[in-house]
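Peer 1: sequence and predicted model, in that order:
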Amino acid sequence: MNRYVQQLFESIRNAADAHKREIGKILSDYQREKAAAADFKDEASRINAAAKKARDSITLARNAFSGSIQPDIENLRNELNTYLLTVPNDKATNALNLYGKIDNISEIEAAALLEKVNGNYIGLRLLDSITKKSGLRVKFPDVSEFENDLRILEALSGESYVCPDEYFNPLCEIFIGQPRPVLGADGKTVQSGFTWSAANLVATSSVFSAHIAAIPQMMERWQMSLKPSIIRTDLYPDDPAERAQAFVADEANITKARLEHDPDHAAAARAQAHAKRATEARKIVESYASKQ
């Protein structure tokens, strides 16, 4: 895939960041109106009116954000379809057809074919079906990973409320106890009788933030920065469960080595920042609960 994909991901991330700032401004305005209400006899009604105004504004902002990222998500889906359906060039196709008739190929031959395929998805699938007969596999992002990325991006437009950490208390003030739409098992029917709680707000905000934090990894996967490689499956245990555990252990070691050799420690920094946000969110909830 190409640089256009990067632009689409960046557009979604920028829209999410702008949405979060907008919610912060709405909550800041609510706090200002709440403070001003203390000078009037009808303070309570003024605060309720300010809270309703803030809720309505946040709902409108969330709907606008959801609508703004849908074209980008749809364009990503189109890019994925193009990637999945593009056939290998003639030279790669001929080589794969010929090697497909051979019972056993060497790791060097598999590597040469991998270079010839040049990242083409159909070519990688065909090559993997050829190499597995020889105790080799082609390691490359599976289509299910791309589909999961799209599901995560779609979830950003779901029923969630996110705001800068410093505005979490006013967010709780205006939403706790308000009706909370909950989808039924069919994913469409809205069930009634649910209300927002501090825990719900923390959960939806944390999930939203985690999804945004995952975008750089998605970009890397979609831009094919994760280079396909040949791995030897005959070096792993025969038992499927033990083989799976060995694969997971190798993935962990690769990730660890990558972080240790990444001068910017970008992935580690993102993980630490997310952990910090989660800790701060818990403290805010505990603080809010203790005041009730």
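Peer 2: Noted; the coordinates are in hand.
Peer 1: and Glu115, what helix or strand is that in?
Peer 2: Using DSSP states H and E, Glu115 sits within helix 107-117.
Peer 1: and that helix, what other elements does it pack with?
Peer 2: Helix 107-117 sits against helix 90-99, helix 121-131, strand 136-139, strand 229-232, with contacts defined as 3 or more C-beta pairs under 8 Å, 6 or more residues apart in numbering; DSSP states H and E. C-beta: built from backbone N, CA, C; applies to glycine.
Peer 1: tell me which of these lies nearest to Glu10.
Peer 2: Nearest of the helices and strands packed on helix 107-117 to Glu10, taken as C-beta to C-beta: helix 121-131 at 23.2 Å.
Peer 1: ends of stretch 157-172, how far apart?
Peer 2: 20 Å (C-alpha to C-alpha, to the nearest Å).
Peer 1: what's the answer for stretch 177-192, then?
Peer 2: 13 Å.
Peer 1: kindly report the same for stretch 181-196.
Peer 2: 9 Å.
Peer 1: next one, pLDDT for the nearest residue to Phe65 once chain neighbours are set aside please.
Peer 2: Of all residues not flanking Phe65 in the chain, His19 sits nearest, at 4.1 Å (C-beta to C-beta, 6 or more residues apart in numbering). Here, the pLDDT recorded for His19 equals 95.
Peer 1: please renumber the chain so that the first residue is 58 from this point on.
Peer 2: Okay, using 58 as the starting number, the last item reads as His76.
Peer 1: can you tell me the helix or strand for His76?
Peer 2: Counting by DSSP H and E, His76 is found in helix 60-94.
Peer 1: next secondary structure after that helix?
Peer 2: Next in sequence after helix 60-94, counting helices and strands by DSSP H and E, comes helix 100-142.
Peer 1: now the helices and strands packed on helix 164-174 as JSON lines including mean neighbour count?
Peer 2: Converted to JSON lines, the helices and strands packed on helix 164-174 look like this (neighbours: other C-beta atoms under 10 Å):
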{"stretch": "helix 147-156", "mean neighbour count": "14"}
{"stretch": "helix 178-188", "mean neighbour count": "21"}
{"stretch": "strand 193-196", "mean neighbour count": "19"}
{"stretch": "strand 286-289", "mean neighbour count": "14"}
